[in-house]
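Asks: Have a look at this prediction, sequence included:
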There are 2 protein chains.
Amino acid sequence: MAVRIVIAEDQTMVRQALVALLELEPDLEVVAQAATGDEALAMTRKHQPDVAVLDIEMPGRSGIQVASQLHSSGFGGAIVIVTTFDRPGYLRAAMAAGARGFLLKDAPAADLAAAIRRVAAGERVVDPALAAAALAEGDSPLTDRESEVLTAAASHDSIADIAARLHLSPGTVRNHLSAAIQKLGARNRAEAVQMAQQKGWL
Amino acid sequence: MAVRIVIAEDQTMVRQALVALLELEPDLEVVAQAATGDEALAMTRKHQPDVAVLDIEMPGRSGIQVASQLHSSGFGGAIVIVTTFDRPGYLRAAMAAGARGFLLKDAPAADLAAAIRRVAAGERVVDPALAAAALAEGDSPLTDRESEVLTAAASHDSIADIAARLHLSPGTVRNHLSAAIQKLGARNRAEAVQMAQQKGWL
DNA sequence: CCCCGGCCGTGACAGATGTCACGGCCGGGG
DNA sequence: CCCCGGCCGTGACATCTGTCACGGCCGGGG
């Protein structure tokens, strides 16, 4: 009995190449493909596969958001998150969203098929080095408001704009921003944004 | 007689998947793979393939730099650039570097094999929509110095740091930066950096 | 109950940033 | 030859940023 798979990845060439790779395995069967988060959600609900393979970076809904919604709506299959970026925060978010596997696109292609088989069998699959990095990093030191303000700052707006968008006083925004910069050890707003994103805290 | 190919792409899983895809075609033969720009250069020089397929975003040397060096050192084969990002400036740079084909990873996987065959036959392969966008955009309005200063500004340093790195006076750096911000219609240094990168002018 | 921490705001300050006007040095083109 | 434009620099100015000190409002925990 073949493992039934839905695969979501926005870059057509990459998606089709991965499908070609998986189709070479006689015990794996790709039953549907998706190019966006919304499609991934629809396809997974429609086909109820044994394993959903989700890229994180997709237009619309991210793979992590899709995983979270599938998980909380009682999806019975396993979820494998695949991503380009080696950000420990992603691992944490993926696990919180109910994923059972987490792979980097830097890994050998054979690992994907292996991971699919293992999660289908009920195991968890996580690169040990990544898991260690995620643990070593700890949680975000930022409060909710600070994260929110920093996120808003990511679009290169002035403090006044951010304040207007969040319905806050400019002074408050500056204070939150200053706190975030301090906590992250950055020297700029821009650097703070970049560091927080890099750690997956945004 | 099969078309001999060297393929360079930093993400192992994607690279191996693409190779698997190409190996399904009886008239194509992947003779070597590379995960970095330097490897790509070495492998291409060693194997002298009919076609070199180069990703742009790679550690070390970018695919465009590799193409440029191959081209100016008299490489006899054809070069196809493949990239994730839809930046018209990339197309311009790729063409200037001597590429004969330019593909986005958003394109169908079948296009890759088709493009390889066509460039091997001496044709040029460029997505018409992308070519139009590149033409519509025009050249960079920035002078050499402005581009250089803006590039240095991308790492979130202060003006003083940039001035030190480029051996310039802080006032001059501010002037160049100000000019760049004006020309690009940005409201920040950060926004200017982002816009220039987005257009491929950096 | 009181204290603590998150959150919101104000006021003040130093320093960084962006803009402008101005001048000098060069090399190329009319 | 002179003019123009790129490049480098200075000085001055208004504004924006980042930091600090301070106070008030709340909700949860000891």
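Replies: Looks like it came in fine. Numbers count the residues shown, from 1 in each chain, chains lettered A, B, ... in the order given.

Asks: touching DNA strand C at all, the longest helix seen in chain A?
Replies: The single longest helix within chain A, with elements called by DSSP state H, is helix A:170-184. Yes: with CB under 7 Å from any atom of the strand as the measure, helix A:170-184 is seen reaching DNA strand C through A:Pro170, A:Gly171, A:Thr172, A:Arg174, A:Asn175, A:His176. The C-beta positions use only the backbone N, C-alpha and C, and glycine is treated the same way.

Asks: Next to DNA strand D in this structure, residues from chain A, please.
Replies: Within reach of DNA strand D by CB under 7 Å from any atom of the strand, chain A has these residues: A:Ser158, A:Ile159, A:Ala160, A:Gly171, A:Arg174, A:Asn175, A:Leu177, A:Ser178, A:Ile181, A:Gln182, A:Asn188, A:Arg189.

Asks: residue ranges with poor pLDDT in chain A?
Replies: Within chain A, the stretches falling below the threshold (pLDDT under 70) are A:136-138.

Asks: re the thing from before, how about the longest helix of chain A, does it reach chain B?
Replies: No: in terms of CB under 8 Å from any CB of the partner chain, no part of helix A:170-184 sits within range of chain B; the closest distance is 11.4 Å.

Asks: Same check on stretch A:191-202?
Replies: Yes: interface with chain B: stretch A:191-202 contributes A:Glu191, A:Gln194 (CB under 8 Å from any CB).

Asks: Residues in contact with that stretch: which ones?
Replies: Stretch A:191-202 has contacts (CB atoms under 8 Å, 6 or more residues apart in numbering or on different chains) with A:87-93, A:137, A:140, A:142, A:147, A:150-151, A:153-154, A:177, A:180-181, A:184-186, B:156.

Asks: can I get the CA coordinates of it in PDB?
Replies: C-alpha atoms of stretch A:191-202 as PDB (Å, rounded to 0.1, in the frame of the first residue of the first chain):
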ATOM      1  CA  GLU A 191      19.600  45.600  12.100                       C
ATOM      2  CA  ALA A 192      17.100  44.600  14.800                       C
ATOM      3  CA  VAL A 193      14.500  43.800  12.200                       C
ATOM      4  CA  GLN A 194      17.000  41.700  10.400                       C
ATOM      5  CA  MET A 195      18.300  39.900  13.500                       C
ATOM      6  CA  ALA A 196      14.700  39.100  14.700                       C
ATOM      7  CA  GLN A 197      13.800  37.700  11.300                       C
ATOM      8  CA  GLN A 198      16.900  35.700  11.100                       C
ATOM      9  CA  LYS A 199      16.100  34.100  14.400                       C
ATOM     10  CA  GLY A 200      12.500  33.400  13.400                       C
ATOM     11  CA  TRP A 201      11.100  35.700  16.100                       C
ATOM     12  CA  LEU A 202       9.300  38.100  13.900                       C
END
